[in-house]
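Enquirer: I'll drop the sequence and a predicted model, then ask my questions.
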Amino acid sequence: MDSLRFNLQQSPFQSKPRILRPRATNSISNQTDPRPSFSAGKIQRLVLNNEGRTKLNVDPDREFYSYPRFVNHVDDQFISSLTDLYRNRLRPGSIVLDLMSSWVSHLPEDVKYEKVVGHGLNAQELARNPRLDYFFIKDLNEDQIFEFEDKYFDAVLCSVGVQYLQQPEKVFAEVYRVLKPGGVFIVSFSNRMFYEKAIRVWRDGTEYGRVQLVVQYFQSVQGFTQPEIIREQPGGGGGGPEKPVLSWFMSFLGLASRPDPFNAVIAYKNFKPLYE
């Protein structure tokens, strides 16, 4: 099933973005409509078993995300850390893919990029995002193929969404395909989640275990550099086992006891550029 793609060149706040219908893959001529060759990165091994990929809510994700949520899913300190990371790792003028995005991308406001492409499941949220040049709708748990040519993006971002991927190995392999050599993939997350939509291995894991899980996602695809881990623990939080259900319930009630921890796992395609 083809994904829907929307042009936001006129205004990122327009209520009815124009739908761009995919053209045949043998007519690549316009860089604003790059097409794929479907040569994804080689998956060396599967990280998850079938049970680990399961969700409590098995309804289609498009239904769950059909209602827009114009809220921040992490706190201000997390957002500040993420914006600083983007400022340090993304070069001005880059072509950026923001996976599993929403109405904000947390990119530094004073940095100009050549193009920012957004992806998500809610068109209303994405249409409100002022940093996107255009966006597309796709359920990555049903279809992991991106309609972009090989080596198109300088950077791919995934903020607070990796916990919902049921086929992370295939998604990471496709990210590898669309990245330019030396391109960076930044995956960031905290301990918050829509509990019923997170995969089982994430729900049942500790915070440290989730970091290592994302590291394994990168390592499952041949060609990524050794993943780099960045962790910021607020207030002296201990490293003991988490209680995932309790943490989720407290967050749901707005009674979270401490600020959000910041976790990021970063890797590059083939090599880390010297300018980094």
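Expert: Arrived safely.
Enquirer: hey, where'd the strands end up in this structure?
Expert: 4-7, 18-20, 95-99, 115-120, 134-137, 153-159, 179-189, 228-232, 262-268 (DSSP state E).
Enquirer: Let's have those in TSV, adding distance to residue 211, mean pLDDT and mean neighbour count.
Expert: Every residue, glycine included, has its C-beta placed from N, CA and C. Shown next, in TSV, are the strands of the chain (distance: least, C-beta to C-beta, whole Å; pLDDT from 0 to 100; neighbours: other C-beta atoms under 10 Å):
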stretch	distance to residue 211	mean pLDDT	mean neighbour count
strand 4-7	33	52	18
strand 18-20	37	33	13
strand 95-99	18	98	24
strand 115-120	23	97	23
strand 134-137	28	95	21
strand 153-159	14	98	24
strand 179-189	9	98	22
strand 228-232	6	96	14
strand 262-268	5	97	23
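Enquirer: Compare these and give me the one nearest residue 62.
Expert: For the strands of the chain, distance to residue 62 was read as C-beta to C-beta. The smallest value, 8.2 Å, belongs to strand 134-137.
Enquirer: Export only the CA atoms of the closest one, formatted as PDB.
Expert: Output of strand 134-137 as PDB, limited to C-alpha atoms (Å, rounded to 0.1, in the frame of the first residue of the first chain):
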ATOM      1  CA  TYR A 134       6.700  17.900   3.400                       C
ATOM      2  CA  PHE A 135       5.600  14.700   5.100                       C
ATOM      3  CA  PHE A 136       4.300  11.200   4.500                       C
ATOM      4  CA  ILE A 137       2.000   8.800   6.400                       C
END
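Enquirer: Using CSV, lay out the strands of the chain together with distance to residue 61.
Expert: Below are the strands of the chain laid out as CSV (distance: least, C-beta to C-beta, whole Å):
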stretch, distance to residue 61
strand 4-7, 15
strand 18-20, 20
strand 95-99, 14
strand 115-120, 11
strand 134-137, 11
strand 153-159, 15
strand 179-189, 17
strand 228-232, 28
strand 262-268, 23
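Enquirer: looking at those, which is closest to residue 81?
Expert: Taking the strands of the chain one by one with C-beta to C-beta, strand 262-268 is closest: 4.4 Å.
Enquirer: Not counting its own residues, what contacts that closest one?
Expert: Contact with strand 262-268 is made by 77-78, 81-82, 85, 89, 182-190, 207, 210-211, 214-215, 218, 224-232, as judged by C-beta atoms under 8 Å, 6 or more residues apart in numbering.
Enquirer: go with 6 Å
Expert: The contact list for strand 262-268, computed with C-beta atoms under 6 Å, 6 or more residues apart in numbering, reads 78, 81, 85, 184-189, 211, 214-215, 218, 224-225, 227-232.
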